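K.L.:
Everything below, folded, please.
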Amino acid sequence: MSVFDLSASRKILDDSVPFRCTIEGSRNAGSYVEYVLRVQRGSSTEQSWTVYKRYSDFCAMNESVQSLTNDGTTVSLPPKKLFGNKDRDFVQERLQGLQSYMSCLLSDIYLSNSLFVRRFLDEDRYRDSSFSELHLQRVSLHFRSLPTHEVVETWPLEGTRIRKTYFQVTPVGDSSKTRQLLYWTDFGPYLTMARSSRELSSLCKLLPTITHPCIAPIVLASCDESGFMVIRQFYPQGSLRDRLYHVKPHCAAIKKYYNKCATPWNSRDIIRYGRDILECLIYLYDSGLFHGNIHLGNLTLNDRDRCCLLDVESGMVGLPAWLRSYFVNCRRVNTMERVDAYCFGHVLYELITGRFLNASTITDIPDSVPRDLANVLESLLTMEACSSNPNYPTPRELIQLPLFQTTSQHSNETPSKLRVNKKLSEALKVTKEQIESALLEDQRLVNQMKRLSKAQIHYNSKEEKLKRKKETRAWLRERGDVIDDGVDVDAAVHTSSSTSTITRLSTINTQTSTSSSCVTAPPPPPPPPPINSTTRTPAAAKKTTAKPVPSTPARGALLSSITGFNKSGLKKSQTID
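P.N.:
Numbering: from 1, shown residues only. Next up, the predicted model:
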C-alpha cells in the first residue's frame, strides 16, 4: 500500500466538533500535583478520554493564547503560589479556578478552535503542528508538475480552520506580478467521492467555469490524494469581516476578531448585500450545487460594490461548516438550505450589531434595528424558530420578502448557466445527503444529552428532594414506623427495610416450625417382646445378643462384696478433734 493510500484510509477528523472538559479531581505526583481532566468530543460519551495536566501546562497554553490575542482574553488563570501549593484546601480552590478557566475558554469559537487549545486537550490527534509546511510541500509538488504559478509568501494562521493554509502566488510569466490568493486544505470528513475519482476531477474543472456576479471567480482548482487547492483573485481589503473590524487580511483570525466590537453598517447596505447573498445561493441550488458555510469570512466586495461569495467549494469537498457547533443545537435547521438560511441570519446579526453572535440563538434584538430586519432575525435566530417552527425559512422564501424586493436588481449582469454532468451531480447529491444525515444524528445526540441534563437537574432540585422526602415519610407511617423529624429519612428507610427483612425471615421460620409442629406425628412402634432365651430365635439371638464381658476372680469378689454390704455391721468409731 502506498503512502497516499495510507493517508486516504485514515479517518478524517472533524475539527468543528466542540470539546467539553471537566476537571474531576487531582492526584499527588510527588513534587507536584496533577489535575485529572475528563475530555469529551461532541455529544457522544463514547468519544471521551482522560488527560493529566499540571499547573505549569495550563500556564504554557495560556501564554500561547495570550500571544495571539494581544493579552485581550477575558479569561484568566488562578494565581500562582510559591509555598503551600500542595495543601488540600488550596488544591481544591485552584481546581475550581481551572474549571472556570477551561469553561470560558471552550465557550468561545475562536479560542476553542485554536491549535493550542486542541493540542492541550487532544495531544495525540493534534501533535503535528506543521500544517503550513506540509501544505507548502504539496503546493510545490503541484507547481513542479504544472508550473502555472509561483509561491511568493505563506500566510500562516490566517483563517479559522486549523488544516487550511493560505499562500500569496503570482502567475508565471506575468510581468505585472498580479497577486492572487491560494489556499490548500485537507479533505473534509464528509467527502464521499474517491480521492482519485473522475467526479472529483470533474469538480475541479467545473469550478473555474462558474461565472456569477455574486461569486468570486476561481482561477484554478486542483486536488491530489490528500487535499484540495484553489486559486482566486486577491482582494486587498479582505473579507466583509475584515472590513467590518478594520483589520488587515493577512493576520491570525484570533488576533483580528476575538473580543472585538465594530460600528454597525447602515441598514440599506445590509439589505443590498443580503439580496446578493440570497441570489448567489439560489443560483447554486438551481445548478445542483450547495454551499452550507456562509459567514462574513467567506464574503467580500468586488470592484462593483457587490457582495461576492467565497469558498463555494467547501461543502462539496466535505468540509464542515464553521458555525456547525451552533446550529447542531437547533432541531429545525436540518437541511442544507436551512443551514444556509441560519448562517445568513448570523451574517445579518453581525452586520447589524457590530459584534459576533457567540451563541446558537438570540434572546433580544437592539431597539435601534429596523423592524423589517428585526423580523428576519426573529424568524432565523430565536429559540422558538430554531427549535419549534416546522416551517423554518429557506433562501428561496427569504428573497420573496418585501424587504429584499425593494433593492434594485442588476439587470445588466446575468449569470451564465452552469452545466454539471450527471455523474458529478449524483456524487454531489450523495455528499449532501451524507452531511445532512450526520447533522441529524448529532442533533439527536444533543437533544438526548439535553433531556438527560434536564432530568438530572430536576431530580437534584430542592423541591424534588423535599417531595421525595415527604413521600417517603408517608410510606413509613403507613407501615407503622414512627420517624422523628430530625431522623434521616434515607437512613430510616434503610433501617426499616433491613428490619423488615429480618422480621420477614423470622416470620417465615416461625411459620415453618409451627406448620411442622401441627403435622400429626406417626404412632410409636410397638414395644419389643420380653427377652426370653427360650423363645428367642437363633437369628434374633444373633442380632440382639451383645458380646459377653469376660469375668475374672477379682471382679467377682468386688461384686460380691458390694452386694453383700450391710450397714449394721459397721463399728462406731470415736474421733478426737
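K.L.:
which residues of this protein fall in strands?
P.N.:
Listed in chain order, the strands of the chain (DSSP state E) span 19-28, 33-41, 48-54, 149-155, 164-171, 180-186, 218-223, 227-233, 299-301, 307-309.
K.L.:
Quick one: residues contacting residue 172.
P.N.:
Counting by CB atoms under 8 Å, 6 or more residues apart in numbering, residue 172 touches 147-150. Where you see a C-beta, it was placed from the backbone N, CA and C, and this is true even at glycine.
K.L.:
so which of these comes closest to residue 257?
P.N.:
Residue 257 lies nearest to residue 149 out of those, by CB to CB, at 29.0 Å.
K.L.:
The closest residue in space to residue 246 that isn't next to it in sequence - how many residues pack around it?
P.N.:
Distances taken as CB to CB, 6 or more residues apart in numbering place residue 262 nearest to residue 246, at 7.2 Å, with adjacent residues excluded. If you count neighbours by other CB atoms under 10 Å, residue 262 ends up with 18.
K.L.:
Tell me who's in contact with the closest residue to residue 188 other than its chain neighbours.
P.N.:
Distance criterion CB to CB, 6+ apart; nearest residue to residue 188, sequence neighbours excluded, is residue 318 at 3.1 Å. Residues near residue 318 by CB under 8 Å, 6+ apart: 12, 187-192, 431, 434-435.
K.L.:
Please report phi then psi for residue 318.
P.N.:
Reported as degrees, to the nearest 10, the phi and psi values for residue 318 are phi 90, psi 10.
K.L.:
circling back to that earlier point, how about the contacts of residue 172, which pair is most distant?
P.N.:
For the contacts of residue 172, the maximum inter-member distance is 8.9 Å, found between 148 and 150 (CB to CB).
K.L.:
Which of the contacts of residue 172 has the largest number of neighbours?
P.N.:
residue 149 (20 neighbours).
K.L.:
Hmm, residue 288 and residue 420 touching each other?
P.N.:
Yes. If you go by CB atoms under 8 Å, residue 420 and residue 288 touch, sitting 5.0 Å apart.
K.L.:
what is in contact with those two at once?
P.N.:
Applying CB under 8 Å, 6+ apart, one finds that residue 420 and residue 288 are jointly contacted by residue 428.
K.L.:
where in the chain is pLDDT low?
P.N.:
Counting by pLDDT under 70, the chain contains low-confidence residues at 1-11, 70-74, 128-129, 156-159, 196, 407-413, 481-560, 565, 567-571, 573-577.
K.L.:
Can you show me the helices along the stretch 1-150 of the chain?
P.N.:
Secondary structure of the stretch 1-150 of the chain (DSSP state H, counting those that start in this stretch): helices located at 3-9, 55-69, 88-106, 109-112, 115-121, 131-145.
K.L.:
separation between residue 111 and residue 117?
P.N.:
Distance check for residue 111 against residue 117: by CB to CB, to the nearest Å, it reads 6 Å.
K.L.:
Isn't residue 395 up against residue 284?
P.N.:
No. Look at residue 395 against residue 284 with CB under 8 Å: they stay out of range, at 9.5 Å.
K.L.:
List the contacts of the residue nearest to residue 246.
P.N.:
Residues in contact with residue 262 (CB under 8 Å, 6+ apart) are 244-246, 354-355.
K.L.:
Same check on residue 199?
P.N.:
Residue 199 makes contacts with 193, 423-424, 427, as judged by CB under 8 Å, 6+ apart.
K.L.:
Which members of these are classed as buried?
P.N.:
The neighbour count (16 or more other CB atoms under 10 Å) marks 193, 424, 427 as buried among the contacts of residue 199.
K.L.:
Which residues are in contact with the first one?
P.N.:
Residue 193 makes contacts with 199-200, 203, 427, 431, as judged by CB under 8 Å, 6+ apart.
K.L.:
Name the residues of the top helix by length along the chain that are buried.
P.N.:
When the chain is scanned for its longest helix (criterion: DSSP state H), the result is helix 422-459. Using 16+ other CB under 10 Å as the test for burial, helix 422-459 gives 424, 427-428, 431-432, 435-436, 438-439, 442-443, 446, 449.
K.L.:
now do stretch 17-29
P.N.:
For stretch 17-29, the neighbour count (16+ other CB under 10 Å) marks 17-21, 23, 26 as buried.
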